[in-house]
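In: this one's sequence-less:
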């Protein structure tokens, strides 16, 4: 079966309530974005899981390569001076 | 509430409840057999909305009647002659085109109906209208999007959609039918005038049909009778299934 | 270029011992494996088979219960059953999605189900001739499923574990509605109680079979445990199910159809548990191999839904294509 024959896959993001981020919850199939949004509503919000939905065509998502994870993310680990606890402040100053 | 208006209201509430239960029942027949898995979730969602509204209405009918009957007595222990749903909602599912069109026809009617019911003089129905209108607005969107896609999809889907229009359109007149008791409710401000609702229904159907490249036929010979308890043969089979257990085991609790 | 974000793209991993050891180390450290991570082909295949079977079971499982949606005896039962069967569809969908992250499409999986190549839980090849079966399925079949599924929430493969967390959360009402339904029958007329007992008689043994072959005969268990795809053996879960279910049956006055059933205080490290009779493995394998009462009807129903729906799916895609072009 060719890729063409398959109904496109969409990634679904739900915002639990205003003030929060949309969060990835899963995926589904739909022919277009309108139907994907409706399917997302029917599949992923049956129990009041959210108040806003994003759908993104799965083919449009680009991801970092796990084999590059070390070079991508490890260099941040020794930059302790980016964190407030790195700096000594007299106790008398109080909260800063 | 006067006895006349109470009886007229009871009569009308049961009719509206019957519409919702029967359409919900038909939709529920799809569960597990839908054209795609996503739709196996969408159709039950709509069915649950409709059956939920039917339950509220039957309970209200029982209260109006004051004879200690329950929602289930109304659903399970009335004969086909006592059921007063419009014929549209009882028509068999046939295929996905018929099912979505039936849903659109009904929802396009109920949306302005519930909108208008926000001003009903009946507190129970007014409260219900605020919940029901949101549900039905989504049903219009869902069935409407499908009618557009099927109408303007492939040659086959377009032919099936046109066949559904020919088959179901004659049943739409009955949505706007009134009888003496309904008229009494309208006069009392309990139920809305149907003129404005019909206009809005037509607008919704025209908008969707234009996008779907569908032709809206003239109704030469409208099909009616459901409100008088005169149903199509398929309805007997539907009730036989629906009522099988309570009829087979009278008095049992489930 | 490294594109396609969430679908496990296949790579050209050399599965030498160093690679396999490093993978096992991640598993042993309770690290989750995510779609794009390198993984042994056998791990991928095991998951595709397992998640696919699980998804198919949910989808085929809609049929025996769906059989009673139009005949539910009260409106309250009707909405509960409809919502439950709808949930099963949702669970199938979540699981297909999880499997798709491993590089297999839903269409492929569906074709394998319809051709008979892929398996699903044999329990759904038994018929539901009575309303009591709806209760019994919720109580026993969902009960057994929960036993199986709760440990899967900690499965080493991230997307499967996350799907299972969602499934388990939603399933919590399924078993309760089933038990409540059976309990209501037991408190009803003599005919209703007989209906409940008859149903338990038919479903008890097939429910025990749901945990799969005995550990000594299970071909997939060892490696799956090592990879932390599975966390408990078939027999351990079966024992847990029996111990949990017997008191529930007694409470509503139902008799479990097993003459060898008896309390053994030495079981479960001295905490006690039930000894139970031997499962009829010939029947188990007969149904697994396609000769249960409903095997053919189930696949026929799924195939009909799929074939009858083809024109709808094609229309949706044709419309989408036209409107992107426009």
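Out: That came through fine. Everything numeric in this text was worked out from a predicted model, so none of it was measured. Numbers count the residues shown, from 1 in each chain, chains lettered A, B, ... in the order given.
In: below-threshold pLDDT in the chain: ranges please.
Out: Since you didn't name a chain, this refers to chain A. A:1-5 (pLDDT under 70).
In: at 90 instead, please
Out: Applying pLDDT under 90 to chain A picks out residues A:1-6, A:66-67, A:95-96.
In: pull the longest helix from it.
Out: helix A:33-44 (DSSP state H).
In: just checking, what packs against that helix?
Out: For helix A:33-44, the elements it packs on are strand A:9-15, strand A:23-29, strand A:52-57, helix B:37-65, helix B:123-151, judged by 3 or more Cβ pairs under 8 Å, 6 or more residues apart in numbering or on different chains; DSSP states H and E. Glycine gets a C-beta too; all of them are placed from N, C-alpha and C.
In: residue in the stretch 51-200 of chain B nearest to chain C?
Out: residue B:153 (2.7 Å; Cβ to the nearest Cβ).
In: isn't there a helix covering that residue?
Out: No: using DSSP: H, G, I helix; E, B strand; the rest coil, the secondary structure at residue B:153 is coil, not a helix.
In: list the contacts for it?
Out: C:314-316, C:318-319 (Cβ atoms under 8 Å, 6 or more residues apart in numbering or on different chains).
In: of those, which is the nearest to chain A?
Out: Taking Cβ to the nearest Cβ as the measure, chain A sits nearest to residue C:316 out of the contacts of residue B:153, at 3.6 Å.
In: I'd guessed the closest one sits against residue A:36; true?
Out: No: using Cβ atoms under 8 Å, residue C:316 is not in contact with residue A:36, being 10.7 Å away.
In: counting contacts, what elements does the lowest-mean-pLDDT helix or strand in chain C pack onto?
Out: Least confident helix or strand, chain C: helix C:221-226 with a mean of 83, by mean pLDDT, DSSP states H and E. Here helix C:221-226 touches helix C:41-66, going by 3+ Cβ pairs under 8 Å, 6+ apart.
In: by how many degrees do the helix it packs on and helix B:37-65 diverge?
Out: 30 degrees (axes from the mean of the first three to the mean of the last three Cα atoms, to 10 degrees).
In: could you check helix C:41-66 against chain B for contacts?
Out: Yes: using Cβ under 8 Å from any Cβ of the partner chain, helix C:41-66 reaches chain B at C:59, C:62-63, C:66.
In: what element comes up after that helix heading to the C-terminus?
Out: Note on helix C:41-66: by DSSP states H and E, the next helix or strand toward the C-terminus is helix C:75-100.
In: what is the helix or strand that that next one is followed by packed up against?
Out: Remark: after helix C:75-100, the chain's next helix or strand is helix C:106-115, criterion DSSP H and E. Under the contact criterion of 3+ Cβ pairs under 8 Å, 6+ apart, helix C:106-115 touches helix C:41-66, helix C:75-100, helix C:295-308.
In: Serialize the contacts of residue B:153 to a markdown table and add fields for neighbour count and distance to residue B:110.
Out: Output for the contacts of residue B:153, formatted as a markdown table (neighbours: other Cβ atoms under 10 Å in any protein chain shown; distance: Cβ to Cβ, whole Å):
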| residue | neighbour count | distance to residue B:110 |
| --- | --- | --- |
| C:314 | 18 | 31 |
| C:315 | 27 | 26 |
| C:316 | 26 | 25 |
| C:318 | 19 | 30 |
| C:319 | 24 | 26 |
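In: if we can go back for a sec, adding distance to residue C:213 and mean neighbour count, write the helices and strands packed on helix A:33-44 out as JSON lines.
Out: Formatted as JSON lines, those follow (distance: least, Cβ to Cβ, whole Å; neighbours: other Cβ atoms under 10 Å in any protein chain shown):
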{"stretch": "strand A:9-15", "distance to residue C:213": "35", "mean neighbour count": "21"}
{"stretch": "strand A:23-29", "distance to residue C:213": "31", "mean neighbour count": "22"}
{"stretch": "strand A:52-57", "distance to residue C:213": "41", "mean neighbour count": "17"}
{"stretch": "helix B:37-65", "distance to residue C:213": "30", "mean neighbour count": "23"}
{"stretch": "helix B:123-151", "distance to residue C:213": "44", "mean neighbour count": "20"}
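In: just send these back as TSV, with distance to chain C too.
Out: Formatted as TSV, these follow (distance: least, Cβ to the nearest Cβ, whole Å):
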stretch	distance to chain C
strand A:9-15	6
strand A:23-29	4
strand A:52-57	10
helix B:37-65	4
helix B:123-151	4
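In: and the residue of the stretch 51-200 of chain B closest to chain C, its phi and psi?
Out: Main-chain dihedrals, residue B:153, degrees, to the nearest 10: phi -100, psi -100.
In: again with residue C:33
Out: Main-chain dihedrals, residue C:33, degrees, to the nearest 10: phi -100, psi 130.
In: burial count for it?
Out: Other residues near residue C:33 come to 26 when the count uses other Cβ atoms under 10 Å in any protein chain shown.
In: was I right about it contacting residue C:155?
Out: No: using Cβ under 8 Å, residue C:33 is not in contact with residue C:155, being 9.4 Å away.
In: not counting its neighbours along the chain, what's nearest the residue of the stretch 51-200 of chain B closest to chain C?
Out: Of all residues not flanking residue B:153 in the chain, residue C:315 sits nearest, at 2.7 Å (Cβ to Cβ, 6 or more residues apart in numbering or on different chains).
In: residue B:141 versus residue B:148, what's the distance?
Out: Separation of residue B:148 from residue B:141 (Cβ to Cβ, to the nearest Å) stands at 11 Å.
In: which residues of chain B score low on pLDDT?
Out: Low-confidence segments of chain B, defined by pLDDT under 90, span residues B:1-2, B:219-220.
In: what does it have sitting close to chain A?
Out: B:36-38, B:41-42, B:45, B:138, B:141-142, B:145, B:149.
In: name the member of the residues of helix C:41-66 next to chain B with the most neighbours.
Out: Across the residues of helix C:41-66 next to chain B, neighbour numbers were computed from other Cβ under 10 Å; residue C:62 holds the maximum, 28 neighbours.
In: is the closest residue to that one other than its chain neighbours in a helix, a strand, or coil?
Out: Among residues not flanking residue C:62 along the chain, residue B:32 sits closest, at 3.7 Å (Cβ to Cβ, 6+ apart). State at residue B:32, reduced to three classes by three-state DSSP: coil.
In: what about residue B:32, how many neighbours?
Out: Counted with other Cβ under 10 Å, residue B:32 comes out at 25.
In: ok now do it, which residues does it touch?
Out: By Cβ under 8 Å, 6+ apart, the contact set of residue B:32 is B:40, C:62-63, C:66, C:85, C:89, C:301, C:305.
In: between the residues you listed, which is closest to residue A:45?
Out: Relative to residue A:45, the closest of the contacts of residue B:32 is residue C:89; by Cβ to Cβ it sits at 15.0 Å.
In: list the contacts of that closest one.
Out: Taking Cβ under 8 Å, 6+ apart, one finds B:31-32, B:37, B:40-41, B:44, C:58-59, C:62 in contact with residue C:89.
In: could I get these as CSV with distance to residue C:43?
Out: Written out in CSV, the entries for those read as follows (distance: Cβ to Cβ, whole Å):
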residue, distance to residue C:43
B:31, 35
B:32, 32
B:37, 26
B:40, 31
B:41, 31
B:44, 36
C:58, 23
C:59, 24
C:62, 30
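In: stretch C:305-312 near chain B at all?
Out: Yes: residues of stretch C:305-312 contacting chain B under Cβ under 8 Å from any Cβ: C:305, C:308-312.
In: most surrounded residue in those residues?
Out: Busiest of the residues of stretch C:305-312 next to chain B [other Cβ under 10 Å] is residue C:312, holding 26 neighbours.
In: helix/strand/coil for that residue?
Out: When classified by three-state DSSP, residue C:312 comes out as helix.
In: from residue C:313, how far out is the residue nearest to it when sequence neighbours are not counted?
Out: In this structure, residue C:312 finds its nearest non-sequential neighbour in residue B:35, 3.8 Å apart by Cβ to Cβ, 6+ apart. As judged by Cβ to Cβ, residue B:35 and residue C:313 stand 6 Å apart.
In: the more surrounded of the two?
Out: When residue B:35 and residue C:313 are compared for neighbours, residue B:35 comes out ahead with 25 against 21, by other Cβ under 10 Å.
In: noted, bye for now.
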